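**Student:** this one's sequence-less:
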């Protein structure tokens, strides 16, 4: 591969996919693009693709209309997503049955299938993507390519300047220059802690060694976070290119991508991408005719959350039990096989090539002073728009939740926002004006983490949520150090007592004592941060704990043991509740009304959900 | 003054300050898992690991501040919350590190209630009892077994609260790689790994009037047992040992040092033969049962290179049985007192010895029988198997077997004016090579202890980087003085090499004081060969060789 060939591929491929950018195309009149990532595939976009192919064939359109697979659009709750170019008609929740109609209306004719368009807040329909609020305030850097390219075709990536950054790095810069550019750009690790990427590279650059390694940490594990998966599935080459650039910068010839085995599609696409890059000599020996040689190997993680911790990950790459090591020595000094190693997160790497292409100054234009650039958030929970959002650092929580996320559904009130997954903390409605960057979140006892944002409404019990996260940390503790192994287990047991109505105020003291102990004494980041969700909910929702402990009440009526169902006076005796009760706890009283036997009731809530006369109270 | 760049832990140790540890093992394991050695440094919010933090000039360290003690206490209380707190009936009661820390820190074992893990006790091994209910996951057994011994019998399985140490693929210990060396039992802070308790079996023997029960004591026991009763490490004490065994009720107390003399004489004969015929070289010693197990499990190709001499224990057992044949109407039973756990499995294949008690078990037995060890009047080993040569005495140290054999060989070939002390084979740590001229021929040999070192040596042999005629192998680092059945030492206070040296020195001074220091000159050996075997070489060979 040389520069001319790269340019040639770019030119040819751009002419094929020009419609996606509303540019004239000599080959096709229109193009149908279907999201082929895990989210949309779970709504059977594969079958949809076949049906479109079938329809085009029936209508004899195969030669005129392009049908393509592309990466994630980010609006995962609306899958499968189909876009018709050049107009950009944005169809949501498309099923295979809809293909014929779309082909008739939007391909053969120039009209819209109204019912498949997104309905906006004002009940009008959005024709194209940019009319939707969800997309309005987004800025795509890490996710720049995903929705426009087919991840399994290297030419699509090259068409969008792919591997130009690597060429530029190898031919115009010395390794130290690259380290300096990344350092100047202020890029910080998107995996959680936000450590300066350039500084990390600099450490490894300065450590002399016969061998060095680059690792891409693709062991994304926070509940609800899937931004890394979407990048790997939608734009795998951006990660490969960045790793090669990094290898050149620090002096490594070998890279590992540590991807969790629970991501089969990402793994498959990475394999394809690595093979294509090798075939085109964009990986391998003497890349672009220079002395630089770089190779990438995949390592599959076996499902341990702790392997996202870099030293545990390194153990696992070496084939050992995924347990964290003592630091120092830091990986940049002694990593894989004792050699200097830099571990970077997927999203961090996905940004690197663009910084090299556009310069550090360009990157600094986005975000805040200390946290430049953008961040991808996975917005989930009680929120209208569920999906991936990439927005500039410094965006306020309010903008994220209300402008981009569309607010809380069903007119409920916002109660809390959990950020940073099991390591993070919760923020409340009072914190909505916090600007999202590494420092301000930390100041408010939350953390950026990998970017998972879980929105909770008034029906959420904060004790229950704390329990959920600590249960996760208990399951995922590697068991190496005592505070995390036993401490978290005891924390969980105390929370179980609280939600079970069996705790005393003394237990609450022990809970606090333990949380601080585990936080201060654990060996690795997992243990050190695992009590955060509890500490922050204790901080923000202390009364809720007291309600559980003193009054044996769950204000959100979530904790089963603290809820009772009672049939009120207005019961009409319709027997609907009697029929759905799975344990025969409901019987007819003398007055023809029904009653619940509290001894038998298992508090499943079926009667409550079934009653059409609002005659059952949940207390 | 602490040395710059030493760890806080080491610096404190030099200054006479003990920082307790559970998972740290000098030179073997430093994983920061137990969090017990955390200390406070002025200016830092969180406590730091003293095993992994280096001292700096001007650093102000608090090893027992309120914060340190409180955190340490809570840590132990957490461990206790997942511990079957049955100290009173635990075999390690009063000698358990966890118990000791709990007492020192005034811990409340009931602070937390909640789930307690329940494991099946692994009784499969003849040598080692594995009770995971006592395990606190310090991981030292895993480290010793893999890093020091290269056996890899243990690994960590499962995760979180369910984490456990078990054998790979969760097979019982008897089916694992375990070679029964017992080094794990020396580092286990609790009773999760112990020798298999044979005291009840021995008591049964002693209670039965139909039995004539002989005790036989291995070389290294006499430099370690007294430690259990407050003596300095390495104190040589034969007299009270013999007296205590008599007080327990043994009919006779014999010395395996004498058995060692037989082994030396036989091994010297075998080596001479093999050197002359250039046959099955290098000649490996075979008196260490864990080493023999290691050969069987890891290097069956070396089986043929092992000496075919029986071990001192087996030889003496056999001779004692032969000696008492027709001399008593009672059935002769033999109990060996050994610094070794592997001997417990060795005797399964040989029926001369009935039971093996470790040094630790003997101490336990003495306490059980309410014998005040320190007030025992020194006694002597019983004849005719109590008079040993100096060469027999040093068997317990690494290099001892080689030196004993060399003495006999030199006595045979060099006759007059030969030396008795072979410093050249002493005080090895790891691998030591030596070269000597014997009978105008050069002999190249090596002393190696610790199976990890053994493995290195074997690799070198296989790569033809080295050649030897004779190799003495001891599975335990430092030899039997540091055997898996020896008294426990608190390594927060003591240094392993120091312990090995002190105990070995005890043996070397005993050797110095013996009138006869060469096995082939032992009157006992001569007497037995003539009275029991009519000096018939073939009969001797058949009886004492495998």
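**Tutor:** Looks like it came in fine. Note that this is a predicted model, so its numbers are computed, not measured.
**Student:** please identify the helix or strand for residue B:68.
**Tutor:** Assessed by DSSP states H and E, residue B:68 sits inside helix B:66-81.
**Student:** contacting residues around the closest residue to chain B within the stretch 351-500 of chain A?
**Tutor:** Taking CB to the nearest CB as the measure, the stretch 351-500 of chain A has residue A:479 as its residue closest to chain B, at 2.8 Å. C-beta here means a position set from N, CA and C on the backbone, and glycine is covered the same way. By CB atoms under 8 Å, 6 or more residues apart in numbering or on different chains, the residues touching residue A:479 are A:485, B:137, B:156, B:158-163.
**Student:** let's have the residues you listed in TSV, adding neighbour count, secondary structure and distance to residue B:94.
**Tutor:** Formatted as TSV, the contacts of residue A:479 follow (neighbours: other CB atoms under 10 Å in any protein chain shown; DSSP: H, G, I helix; E, B strand; the rest coil; distance: CB to CB, whole Å):
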residue	neighbour count	secondary structure	distance to residue B:94
A:485	28	helix	27
B:137	25	coil	23
B:156	17	strand	29
B:158	12	coil	31
B:159	22	coil	33
B:160	18	helix	32
B:161	21	helix	29
B:162	15	helix	30
B:163	20	coil	28
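**Student:** any idea how far residue B:526 is from chain A?
**Tutor:** Distance of residue B:526 to chain A, computed by CB to the nearest CB, to the nearest Å: 57 Å.
**Student:** please state the backbone phi and psi of that residue?
**Tutor:** Main-chain dihedrals, residue B:526, degrees, to the nearest 10: phi -60, psi -40.
**Student:** neighbours of it, how many?
**Tutor:** Counted with other CB atoms under 10 Å in any protein chain shown, residues neighbouring residue B:526 total 13.
**Student:** same check on residue A:187?
**Tutor:** 26.
**Student:** my guess is it meets residue A:199, correct?
**Tutor:** No - when contacts are counted by CB atoms under 8 Å, residue A:187 is not listed as touching residue A:199 (10.1 Å).
**Student:** my guess is residue B:109 contacts residue B:85, does it?
**Tutor:** Yes - with contacts counted by CB under 8 Å, residue B:109 reaches residue B:85, the gap being 4.8 Å.
**Student:** tell me who's in contact with residue B:354.
**Tutor:** Residue B:354 sits next to B:201, B:205, B:333-335, B:347 when contact means CB under 8 Å, 6+ apart.
**Student:** if you rank those residues by neighbours, which is first?
**Tutor:** Busiest of these [other CB under 10 Å] is residue B:334, holding 26 neighbours.
**Student:** look at that one and tell me its secondary structure.
**Tutor:** Counting by DSSP: H, G, I helix; E, B strand; the rest coil, the backbone at residue B:334 sits in strand.
**Student:** beta partners for it?
**Tutor:** With DSSP bridges applied, residue B:334 shows beta-bridge pairing to residue B:214.
**Student:** residues in contact with it?
**Tutor:** So residue B:334 contacts B:213-216, B:317, B:320-321, B:352-354 (CB under 8 Å, 6+ apart).
**Student:** ok, now with 7 Å
**Tutor:** Taking CB atoms under 7 Å, 6 or more residues apart in numbering or on different chains, we find residue B:334 in contact with B:214, B:216, B:317, B:320, B:352-354.
**Student:** got the residues of chain A near chain B?
**Tutor:** With the criterion set to CB under 7 Å from any CB of the partner chain, chain A comes near chain B through A:321, A:326, A:474-483, A:485-487, A:489-490, A:493, A:517, A:520-521, A:523.
**Student:** which of the contacts of residue B:354 sit farthest apart?
**Tutor:** B:205 and B:347 (13.7 Å; CB to CB).
**Student:** near chain A, which residues of chain B?
**Tutor:** B:31-35, B:38, B:46-47, B:52, B:71, B:74-75, B:78-79, B:81-82, B:112, B:114-115, B:137, B:156, B:159-161, B:163.
**Student:** mind giving me the ChimeraX select for those, buried ones only?
**Tutor:** The ChimeraX command for the buried members of the residues of chain B next to chain A (criterion: 16 or more other CB atoms under 10 Å in any protein chain shown) is given here:
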select /B:31,32,33,34,35,38,47,52,71,74,75,78,79,81,82,112,114,137,156,159,160,161,163
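**Student:** number of nearby residues for residue 453?
**Tutor:** Since no chain was named, I'll use chain A. 27.
**Student:** actually it's chain B I care about, not the one you picked
**Tutor:** For residue B:453, using other CB under 10 Å, the count is 23.
**Student:** quick check: the farthest pair among the contacts of residue A:479?
**Tutor:** Farthest pair in those, by CB to CB: B:156 and B:161, 13.2 Å.
**Student:** count the neighbours of residue 390 for me.
**Tutor:** Unless you meant another one, I'm taking chain A. For residue A:390, using other CB under 10 Å, the count is 22.
**Student:** you looked at the wrong chain, it should be chain B
**Tutor:** Neighbour tally, residue B:390, other CB under 10 Å: 26.
**Student:** check contacts around it.
**Tutor:** B:511, B:514, B:516-517 are the contacts of residue B:390 under CB under 7 Å, 6+ apart.
**Student:** list phi and psi for it.
**Tutor:** phi -60, psi -30.
**Student:** wait, what's in contact with residue A:103?
**Tutor:** Residue A:103 makes contacts with A:55-56, A:59, as judged by CB under 7 Å, 6+ apart.
**Student:** skip the chain neighbours and tell me the closest residue to the one residue sitting closest to the centre of chain B.
**Tutor:** Computing the C-alpha centroid of chain B and ranking residues by CA atoms, centre = their mean puts residue B:483 first, at 0.6 Å. Excluding the flanking residues, the one nearest residue B:483 by CB to CB, 6 or more residues apart in numbering or on different chains is residue B:339, at 3.4 Å.
**Student:** and the gap between that neighbour and residue B:356?
**Tutor:** Computed as CB to CB, to the nearest Å, the residue B:339 to residue B:356 distance reads 10 Å.
**Student:** which residue, neighbours along the chain excluded, lies closest to residue A:588?
**Tutor:** residue A:594 is the one closest to residue A:588 (CB to CB, 6+ apart), at 5.8 Å.
**Student:** pLDDT added to the contacts of residue A:479, as CSV?
**Tutor:** Formatted as CSV, those follow (pLDDT from 0 to 100):
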residue, pLDDT
A:485, 97
B:137, 97
B:156, 94
B:158, 93
B:159, 93
B:160, 94
B:161, 96
B:162, 95
B:163, 96
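**Student:** adding distance to residue B:298, write those residues out as JSON lines.
**Tutor:** Shown next, in JSON lines, are the contacts of residue A:479 (distance: CB to CB, whole Å):
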{"residue": "A:485", "distance to residue B:298": "33"}
{"residue": "B:137", "distance to residue B:298": "27"}
{"residue": "B:156", "distance to residue B:298": "22"}
{"residue": "B:158", "distance to residue B:298": "27"}
{"residue": "B:159", "distance to residue B:298": "29"}
{"residue": "B:160", "distance to residue B:298": "33"}
{"residue": "B:161", "distance to residue B:298": "34"}
{"residue": "B:162", "distance to residue B:298": "31"}
{"residue": "B:163", "distance to residue B:298": "27"}
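**Student:** so which of the residues you listed comes closest to residue B:103?
**Tutor:** So of these, ranked by how close each gets to residue B:103 (CB to CB), first place is residue B:137, at 21.0 Å.
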